[in-house]
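[1] model this:
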Amino acid sequence: MPCRLLRPIVSHRRANSPLRASALTLAIALGGTVFATGAVVAPQVALAQGMPSAGPTEVGIVTLQSEAVPYVITLPGRAVAYEQTDIRPRVEGTVAEINYTAGQSVAVGDVLFHLDSDTYDAALSAAQADVAGAEASVTAAQAVADRYAKLANLAVTQEQIDTANVTLLQAQATLSSAQAALKTARLNVERTVITSPIAGVVEVADVSIGALVTANQTSALTTVTRMDPIYVDVAESSARLLRVRNQVETGILERGEALDIALTLESGQSYSGKGTLVSPGNTVSTTTGSVDFRLSFDNGERVIMPGMFLRVDLTLGTTQAILVPQRATSRGSDGSLTAFVVEDGKTVQVTLTSNGSYKNAWIVTDGVTEGQSLVVDGLRNMTAGTEVTTVPVVIDDQGVVSDAPSDTSADAAQTPPATE
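    Numbering: from 1, shown residues only. Next up, the predicted model:
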(Lines give C-alpha, C1' and ligand atoms only; values in the text may rest on other atoms or scores of the structure.)
Protein backbone atom coordinates (compact mmCIF):
# COMPACT_ATOMS: atom_id res chain seq x y z
CA MET A 1 0.00 0.00 0.00
CA PRO A 2 1.61 3.33 -0.98
CA CYS A 3 2.81 5.55 1.85
CA ARG A 4 1.09 8.91 2.20
CA LEU A 5 3.09 11.84 3.38
CA LEU A 6 1.46 13.67 6.24
CA ARG A 7 1.81 17.34 5.68
CA PRO A 8 1.68 19.75 8.58
CA ILE A 9 -1.38 21.86 8.94
CA VAL A 10 -0.32 25.43 8.37
CA SER A 11 -2.34 28.28 9.72
CA HIS A 12 -3.40 30.71 7.03
CA ARG A 13 -3.88 33.59 9.51
CA ARG A 14 -1.84 36.62 8.73
CA ALA A 15 1.13 37.52 10.78
CA ASN A 16 -0.39 40.71 11.89
CA SER A 17 -3.55 38.97 13.13
CA PRO A 18 -4.47 40.07 16.67
CA LEU A 19 -4.92 36.44 17.76
CA ARG A 20 -1.47 35.48 16.47
CA ALA A 21 0.08 38.44 18.23
CA SER A 22 -1.48 37.36 21.51
CA ALA A 23 -0.16 33.85 21.05
CA LEU A 24 3.34 35.11 20.41
CA THR A 25 3.18 37.32 23.44
CA LEU A 26 2.07 34.37 25.62
CA ALA A 27 4.82 32.13 24.22
CA ILE A 28 7.49 34.73 24.97
CA ALA A 29 6.15 35.16 28.47
CA LEU A 30 6.08 31.42 29.12
CA GLY A 31 9.52 30.97 27.62
CA GLY A 32 10.94 33.54 29.96
CA THR A 33 9.38 31.77 32.88
CA VAL A 34 10.80 28.43 31.80
CA PHE A 35 14.25 29.84 31.35
CA ALA A 36 14.09 31.58 34.68
CA THR A 37 12.86 28.45 36.42
CA GLY A 38 15.53 26.39 34.73
CA ALA A 39 18.17 28.67 36.15
CA VAL A 40 16.84 27.99 39.64
CA VAL A 41 16.31 24.21 39.27
CA ALA A 42 19.70 23.39 37.83
CA PRO A 43 21.65 23.68 41.12
CA GLN A 44 19.02 21.59 42.92
CA VAL A 45 19.33 18.83 40.34
CA ALA A 46 23.08 19.01 40.63
CA LEU A 47 22.90 18.58 44.42
CA ALA A 48 20.46 15.69 44.08
CA GLN A 49 22.88 13.99 41.72
CA GLY A 50 25.61 13.97 44.41
CA MET A 51 27.67 17.03 43.49
CA PRO A 52 29.66 18.30 46.48
CA SER A 53 28.16 21.04 48.61
CA ALA A 54 30.08 24.18 49.16
CA GLY A 55 29.95 24.11 53.01
CA PRO A 56 31.45 21.68 55.57
CA THR A 57 29.42 18.74 56.89
CA GLU A 58 27.94 18.97 60.37
CA VAL A 59 28.74 15.97 62.61
CA GLY A 60 28.07 15.04 66.22
CA ILE A 61 31.12 14.32 68.35
CA VAL A 62 32.01 13.15 71.83
CA THR A 63 35.29 13.76 73.59
CA LEU A 64 37.07 10.52 74.46
CA GLN A 65 38.14 9.90 78.03
CA SER A 66 40.17 7.14 79.63
CA GLU A 67 38.39 5.45 82.51
CA ALA A 68 38.27 2.30 84.60
CA VAL A 69 36.09 -0.03 82.57
CA PRO A 70 34.68 -3.34 83.83
CA TYR A 71 36.41 -6.23 82.08
CA VAL A 72 33.54 -8.45 81.02
CA ILE A 73 33.71 -11.83 79.29
CA THR A 74 30.48 -12.88 77.58
CA LEU A 75 29.94 -16.60 77.14
CA PRO A 76 27.07 -18.80 75.96
CA GLY A 77 25.75 -21.19 78.57
CA ARG A 78 23.29 -24.02 78.99
CA ALA A 79 21.19 -24.70 82.06
CA VAL A 80 21.67 -28.06 83.77
CA ALA A 81 19.51 -29.49 86.54
CA TYR A 82 21.03 -29.35 90.01
CA GLU A 83 19.79 -32.90 90.55
CA GLN A 84 17.78 -35.16 88.24
CA THR A 85 16.75 -38.75 88.86
CA ASP A 86 14.92 -41.24 86.66
CA ILE A 87 12.55 -43.30 88.78
CA ARG A 88 12.67 -47.04 87.99
CA PRO A 89 11.19 -49.99 89.87
CA ARG A 90 13.50 -52.27 91.83
CA VAL A 91 11.06 -55.18 91.92
CA GLU A 92 8.65 -56.65 89.42
CA GLY A 93 4.95 -56.00 89.76
CA THR A 94 1.89 -54.24 88.46
CA VAL A 95 1.25 -50.56 89.17
CA ALA A 96 -1.50 -50.34 91.78
CA GLU A 97 -1.45 -46.58 92.51
CA ILE A 98 0.05 -43.36 91.16
CA ASN A 99 0.33 -41.08 94.17
CA TYR A 100 1.24 -37.69 92.72
CA THR A 101 0.13 -35.03 90.25
CA ALA A 102 2.44 -34.18 87.36
CA GLY A 103 4.33 -30.95 87.95
CA GLN A 104 4.01 -30.92 91.71
CA SER A 105 6.93 -30.44 94.06
CA VAL A 106 7.93 -33.47 96.09
CA ALA A 107 10.23 -33.95 99.05
CA VAL A 108 12.66 -36.74 99.77
CA GLY A 109 10.68 -39.87 100.64
CA ASP A 110 7.35 -38.78 99.15
CA VAL A 111 5.47 -41.76 97.69
CA LEU A 112 5.16 -41.72 93.89
CA PHE A 113 3.90 -45.23 93.03
CA HIS A 114 2.51 -48.32 94.74
CA LEU A 115 3.03 -51.74 93.15
CA ASP A 116 0.85 -54.76 93.91
CA SER A 117 2.54 -56.40 96.94
CA ASP A 118 0.44 -59.56 97.49
CA THR A 119 3.15 -61.92 96.22
CA TYR A 120 5.84 -60.21 98.27
CA ASP A 121 3.69 -60.16 101.40
CA ALA A 122 3.28 -63.93 101.13
CA ALA A 123 7.02 -64.39 100.62
CA LEU A 124 7.64 -62.26 103.69
CA SER A 125 5.35 -64.43 105.81
CA ALA A 126 7.13 -67.57 104.61
CA ALA A 127 10.52 -66.06 105.40
CA GLN A 128 9.37 -65.15 108.89
CA ALA A 129 8.25 -68.76 109.45
CA ASP A 130 11.60 -70.05 108.23
CA VAL A 131 13.39 -67.82 110.69
CA ALA A 132 11.20 -69.03 113.55
CA GLY A 133 11.92 -72.68 112.66
CA ALA A 134 15.66 -72.01 112.39
CA GLU A 135 15.68 -70.28 115.75
CA ALA A 136 13.99 -73.32 117.35
CA SER A 137 16.58 -75.63 115.79
CA VAL A 138 19.39 -73.49 117.16
CA THR A 139 17.85 -73.55 120.64
CA ALA A 140 17.56 -77.36 120.60
CA ALA A 141 21.07 -77.87 119.23
CA GLN A 142 22.48 -75.47 121.79
CA ALA A 143 20.85 -77.40 124.64
CA VAL A 144 22.31 -80.72 123.44
CA ALA A 145 25.77 -79.24 123.01
CA ASP A 146 25.68 -77.71 126.50
CA ARG A 147 24.52 -80.97 128.12
CA TYR A 148 27.21 -83.03 126.39
CA ALA A 149 29.83 -80.55 127.44
CA LYS A 150 28.92 -81.08 131.10
CA LEU A 151 29.06 -84.86 130.73
CA ALA A 152 32.43 -84.91 129.05
CA ASN A 153 34.68 -87.76 130.22
CA LEU A 154 31.74 -89.29 132.11
CA ALA A 155 28.88 -90.81 130.10
CA VAL A 156 29.47 -89.03 126.77
CA THR A 157 32.20 -89.73 124.32
CA GLN A 158 34.18 -87.03 122.56
CA GLU A 159 32.62 -88.07 119.28
CA GLN A 160 29.14 -87.32 120.63
CA ILE A 161 30.30 -83.94 121.86
CA ASP A 162 31.77 -83.10 118.45
CA THR A 163 28.60 -84.20 116.70
CA ALA A 164 26.47 -81.99 118.98
CA ASN A 165 28.69 -78.99 118.27
CA VAL A 166 28.48 -79.57 114.50
CA THR A 167 24.71 -79.82 114.72
CA LEU A 168 24.64 -76.50 116.60
CA LEU A 169 26.79 -74.81 113.96
CA GLN A 170 24.55 -76.14 111.18
CA ALA A 171 21.46 -74.83 112.98
CA GLN A 172 23.07 -71.43 113.41
CA ALA A 173 23.98 -71.33 109.71
CA THR A 174 20.42 -72.22 108.76
CA LEU A 175 19.17 -69.40 110.99
CA SER A 176 21.51 -66.90 109.36
CA SER A 177 20.30 -67.96 105.92
CA ALA A 178 16.67 -67.66 107.00
CA GLN A 179 17.31 -64.22 108.46
CA ALA A 180 18.92 -63.08 105.18
CA ALA A 181 15.93 -64.39 103.23
CA LEU A 182 13.65 -62.52 105.62
CA LYS A 183 15.58 -59.30 105.04
CA THR A 184 15.25 -59.76 101.27
CA ALA A 185 11.54 -60.41 101.60
CA ARG A 186 11.10 -57.25 103.67
CA LEU A 187 13.07 -55.22 101.12
CA ASN A 188 10.91 -56.55 98.29
CA VAL A 189 7.78 -55.50 100.15
CA GLU A 190 9.25 -52.07 100.88
CA ARG A 191 10.25 -51.65 97.25
CA THR A 192 6.69 -52.02 96.09
CA VAL A 193 6.31 -48.51 97.52
CA ILE A 194 8.33 -46.28 95.17
CA THR A 195 9.43 -42.97 96.70
CA SER A 196 11.37 -39.94 95.51
CA PRO A 197 15.08 -40.04 96.42
CA ILE A 198 15.46 -36.25 95.94
CA ALA A 199 13.42 -33.09 96.39
CA GLY A 200 12.22 -31.54 93.16
CA VAL A 201 9.50 -31.39 90.54
CA VAL A 202 8.05 -34.65 89.28
CA GLU A 203 7.12 -35.15 85.63
CA VAL A 204 4.21 -36.95 83.99
CA ALA A 205 4.14 -40.70 84.67
CA ASP A 206 5.11 -42.86 81.70
CA VAL A 207 2.99 -45.77 82.98
CA SER A 208 -0.63 -46.21 83.95
CA ILE A 209 -2.35 -48.20 86.68
CA GLY A 210 -2.26 -51.91 85.91
CA ALA A 211 0.92 -51.76 83.85
CA LEU A 212 3.46 -54.51 84.50
CA VAL A 213 6.91 -53.20 85.35
CA THR A 214 10.16 -55.06 85.95
CA ALA A 215 13.16 -54.50 88.15
CA ASN A 216 15.67 -51.99 86.75
CA GLN A 217 13.86 -51.72 83.43
CA THR A 218 15.26 -49.45 80.72
CA SER A 219 12.36 -47.00 80.61
CA ALA A 220 11.74 -44.80 83.64
CA LEU A 221 8.39 -44.52 85.38
CA THR A 222 8.92 -40.78 85.72
CA THR A 223 11.66 -38.21 86.39
CA VAL A 224 12.22 -35.93 89.37
CA THR A 225 14.22 -32.75 88.76
CA ARG A 226 15.60 -30.31 91.30
CA MET A 227 15.85 -26.84 89.77
CA ASP A 228 16.64 -24.65 92.77
CA PRO A 229 19.46 -23.90 92.65
CA ILE A 230 20.26 -24.59 89.01
CA TYR A 231 23.57 -25.06 87.24
CA VAL A 232 24.72 -23.19 84.14
CA ASP A 233 27.63 -24.71 82.23
CA VAL A 234 29.91 -22.46 80.14
CA ALA A 235 33.15 -23.00 78.24
CA GLU A 236 36.03 -20.63 77.48
CA SER A 237 39.02 -21.13 75.21
CA SER A 238 42.30 -21.86 76.93
CA ALA A 239 44.01 -19.22 74.77
CA ARG A 240 41.76 -16.48 76.12
CA LEU A 241 42.29 -17.65 79.67
CA LEU A 242 46.04 -17.33 79.15
CA ARG A 243 45.61 -13.78 77.81
CA VAL A 244 43.55 -12.82 80.84
CA ARG A 245 46.16 -14.32 83.15
CA ASN A 246 48.88 -12.33 81.40
CA GLN A 247 46.87 -9.10 81.72
CA VAL A 248 46.47 -9.67 85.44
CA GLU A 249 50.19 -10.34 85.88
CA THR A 250 51.18 -7.22 83.90
CA GLY A 251 48.71 -4.97 85.72
CA ILE A 252 46.52 -4.26 82.69
CA LEU A 253 43.62 -6.00 84.39
CA GLU A 254 42.91 -5.33 88.05
CA ARG A 255 40.98 -8.22 89.53
CA GLY A 256 37.91 -7.51 91.63
CA GLU A 257 37.35 -8.81 95.13
CA ALA A 258 34.69 -11.22 93.90
CA LEU A 259 33.57 -12.59 90.56
CA ASP A 260 30.49 -10.71 89.36
CA ILE A 261 28.18 -12.96 87.33
CA ALA A 262 25.20 -11.70 85.33
CA LEU A 263 22.77 -13.86 83.40
CA THR A 264 20.57 -12.99 80.42
CA LEU A 265 17.63 -15.17 79.42
CA GLU A 266 16.73 -16.28 75.90
CA SER A 267 14.16 -13.48 75.78
CA GLY A 268 16.88 -10.88 76.35
CA GLN A 269 15.66 -10.18 79.87
CA SER A 270 18.22 -9.88 82.65
CA TYR A 271 17.94 -12.53 85.35
CA SER A 272 17.97 -11.30 88.93
CA GLY A 273 19.08 -14.50 90.65
CA LYS A 274 22.49 -14.53 92.31
CA GLY A 275 25.21 -16.56 90.60
CA THR A 276 28.35 -18.19 91.99
CA LEU A 277 31.22 -20.20 90.54
CA VAL A 278 31.04 -23.74 91.91
CA SER A 279 33.41 -25.66 89.64
CA PRO A 280 36.36 -23.89 88.01
CA GLY A 281 37.70 -25.86 85.10
CA ASN A 282 41.12 -27.46 85.39
CA THR A 283 41.37 -29.47 82.18
CA VAL A 284 41.35 -28.49 78.51
CA SER A 285 39.20 -30.40 76.05
CA THR A 286 41.32 -32.13 73.42
CA THR A 287 38.58 -31.66 70.82
CA THR A 288 37.48 -28.04 71.40
CA GLY A 289 40.48 -26.52 73.18
CA SER A 290 38.16 -25.05 75.79
CA VAL A 291 37.84 -25.23 79.56
CA ASP A 292 34.46 -26.02 81.13
CA PHE A 293 33.10 -24.04 84.08
CA ARG A 294 29.99 -24.63 86.16
CA LEU A 295 28.01 -21.80 87.73
CA SER A 296 25.13 -21.98 90.18
CA PHE A 297 22.12 -19.63 90.31
CA ASP A 298 19.23 -19.25 92.72
CA ASN A 299 16.08 -20.36 90.90
CA GLY A 300 13.28 -20.31 93.45
CA GLU A 301 10.69 -19.22 90.88
CA ARG A 302 11.87 -21.93 88.45
CA VAL A 303 12.33 -19.35 85.69
CA ILE A 304 15.35 -21.21 84.33
CA MET A 305 14.66 -24.73 83.11
CA PRO A 306 17.23 -27.41 82.28
CA GLY A 307 18.33 -27.23 78.66
CA MET A 308 17.81 -23.47 78.25
CA PHE A 309 20.44 -21.49 76.34
CA LEU A 310 21.61 -18.44 78.29
CA ARG A 311 24.14 -15.64 78.04
CA VAL A 312 26.60 -15.27 80.89
CA ASP A 313 28.56 -12.07 81.56
CA LEU A 314 31.55 -12.57 83.85
CA THR A 315 33.07 -9.36 85.24
CA LEU A 316 36.65 -10.26 86.14
CA GLY A 317 37.77 -6.81 87.27
CA THR A 318 38.55 -3.43 85.73
CA THR A 319 40.93 -2.18 83.07
CA GLN A 320 41.96 1.36 82.13
CA ALA A 321 40.69 2.01 78.61
CA ILE A 322 38.59 4.24 76.37
CA LEU A 323 35.00 3.36 75.59
CA VAL A 324 34.14 3.84 71.91
CA PRO A 325 30.43 3.49 71.05
CA GLN A 326 29.88 0.64 68.63
CA ARG A 327 27.62 2.84 66.49
CA ALA A 328 30.65 5.02 65.73
CA THR A 329 32.71 2.14 64.33
CA SER A 330 32.74 -0.04 61.25
CA ARG A 331 34.62 -3.08 60.01
CA GLY A 332 37.02 -2.94 57.10
CA SER A 333 37.28 -5.62 54.44
CA ASP A 334 40.11 -7.16 56.45
CA GLY A 335 38.01 -7.20 59.61
CA SER A 336 39.80 -4.26 61.22
CA LEU A 337 37.81 -1.97 63.50
CA THR A 338 37.80 1.66 62.32
CA ALA A 339 36.31 5.01 63.36
CA PHE A 340 36.58 8.71 62.48
CA VAL A 341 38.06 11.46 64.65
CA VAL A 342 38.20 15.18 63.92
CA GLU A 343 41.55 16.95 63.63
CA ASP A 344 41.92 20.55 62.38
CA GLY A 345 38.36 20.59 61.07
CA LYS A 346 38.76 17.44 58.98
CA THR A 347 37.95 13.79 59.55
CA VAL A 348 40.73 11.26 60.06
CA GLN A 349 40.07 7.52 59.91
CA VAL A 350 41.76 5.54 62.69
CA THR A 351 42.17 1.80 63.27
CA LEU A 352 41.22 0.64 66.75
CA THR A 353 42.47 -2.18 68.93
CA SER A 354 39.73 -3.47 71.20
CA ASN A 355 39.89 -5.68 74.24
CA GLY A 356 36.30 -6.86 74.28
CA SER A 357 33.14 -4.85 74.78
CA TYR A 358 31.17 -3.30 77.60
CA LYS A 359 27.46 -2.85 77.02
CA ASN A 360 27.28 -1.26 73.53
CA ALA A 361 30.81 0.15 73.46
CA TRP A 362 34.18 -1.27 72.48
CA ILE A 363 36.91 -1.30 75.13
CA VAL A 364 39.67 0.35 73.09
CA THR A 365 43.28 0.10 74.19
CA ASP A 366 44.98 1.56 71.09
CA GLY A 367 44.14 3.73 68.08
CA VAL A 368 42.70 6.76 69.84
CA THR A 369 43.82 8.90 72.75
CA GLU A 370 42.11 10.73 75.55
CA GLY A 371 40.75 14.12 74.50
CA GLN A 372 40.22 13.30 70.83
CA SER A 373 36.88 14.16 69.21
CA LEU A 374 35.14 11.02 67.99
CA VAL A 375 32.47 11.28 65.30
CA VAL A 376 29.33 9.44 66.47
CA ASP A 377 26.64 11.08 64.32
CA GLY A 378 26.55 12.10 60.66
CA LEU A 379 28.71 9.19 59.54
CA ARG A 380 26.74 8.37 56.41
CA ASN A 381 29.03 8.41 53.37
CA MET A 382 31.81 9.78 55.57
CA THR A 383 35.33 9.65 54.12
CA ALA A 384 38.72 10.66 55.45
CA GLY A 385 39.60 14.31 54.86
CA THR A 386 36.02 15.59 54.86
CA GLU A 387 35.69 19.15 56.18
CA VAL A 388 33.28 19.17 59.11
CA THR A 389 31.79 21.38 61.77
CA THR A 390 31.34 19.66 65.12
CA VAL A 391 28.38 19.63 67.47
CA PRO A 392 28.78 18.16 70.98
CA VAL A 393 26.32 15.32 71.59
CA VAL A 394 25.58 12.72 74.25
CA ILE A 395 24.49 9.08 73.97
CA ASP A 396 21.93 7.59 76.32
CA ASP A 397 21.75 4.04 77.64
CA GLN A 398 19.84 2.91 74.55
CA GLY A 399 22.49 4.31 72.19
CA VAL A 400 20.32 7.25 71.07
CA VAL A 401 22.25 10.41 70.17
CA SER A 402 20.97 13.81 71.31
CA ASP A 403 22.43 17.30 71.51
CA ALA A 404 24.56 18.00 74.54
CA PRO A 405 23.13 20.41 77.15
CA SER A 406 23.69 24.04 76.31
CA ASP A 407 26.26 24.42 79.10
CA THR A 408 28.31 21.48 77.79
CA SER A 409 31.10 22.22 75.34
CA ALA A 410 32.60 19.87 72.81
CA ASP A 411 35.64 19.44 75.01
CA ALA A 412 33.50 18.26 77.91
CA ALA A 413 31.25 15.90 75.97
CA GLN A 414 31.38 12.38 77.34
CA THR A 415 30.24 8.96 76.21
CA PRO A 416 28.25 7.16 78.93
CA PRO A 417 28.10 3.40 78.44
CA ALA A 418 25.01 1.98 76.79
CA THR A 419 23.27 -1.33 77.03
CA GLU A 420 24.51 -4.09 74.77
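[2] so where's the stretch 1-150 of the chain uncertain?
    Low-confidence segments of the stretch 1-150 of the chain (pLDDT under 70): 1-54.
[3] now do 90
    1-56, 67-74, 147-150 (pLDDT under 90).
[4] hey, where'd the helices end up in it?
    Along the stretch 1-150 of the chain, the segments classed as helices by DSSP state H, counting those that start in this stretch run 18-48, 118-150.
[5] One more: the stretch 201-350 of the chain?
    238-250.
[6] Please determine how far Gln269 is located from Ala262.
    From Gln269 across to Ala262, the span is 12 Å (C-beta to C-beta, to the nearest Å). All C-beta spots, glycine's among them, are computed from the backbone N, C-alpha and C.
[7] So the two - more neighbours on which side?
    Of the pair Gln269 and Ala262, Ala262 is the one with more neighbours under other C-beta atoms under 10 Å, namely 15 against 10.
[8] any idea how far Gln84 is from the more buried one?
    From Ala262 to Gln84 the distance is 26 Å (C-beta to C-beta).
[9] And stretch 166-183, what's buried?
    Using 16 or more other C-beta atoms under 10 Å as the test for burial, stretch 166-183 gives Thr167, Leu168, Ala171, Gln172, Thr174, Leu175, Ala178, Ala181, Leu182.
[10] er, stretch 214-227 I mean
    Ala220, Leu221, Thr222, Thr223, Val224, Thr225, Arg226, Met227.
[11] Show me the two of those that sit farthest apart.
    The span of those, defined through C-beta to C-beta, is set by Leu221 and Met227 at 19.9 Å.
[12] for the closest residue to Ser137 other than its chain neighbours, phi and psi?
    Nearest residue to Ser137, sequence neighbours excluded (C-beta to C-beta, 6 or more residues apart in numbering): Ala171, at 4.1 Å. Backbone torsions for Ala171, taken as degrees, to the nearest 10, come to phi -70, psi -40.
[13] so what's Ala171 up against?
    Shown in contact with Ala171 (C-beta atoms under 8 Å, 6 or more residues apart in numbering): Ala134, Ser137, Val138, Ala140, Ala141, Gln142.
[14] State the pLDDT value of it.
    Listed pLDDT for Ala171 reads 94.
[15] I'd like to know how far it sits from Asp233.
    59 Å.
[16] for Thr85, same thing?
    Distance from Thr85 to Asp233, by C-beta to C-beta: 19 Å.
[17] what's the answer for Pro197, then?
    For Pro197 relative to Asp233 (C-beta to C-beta), the value is 23 Å.
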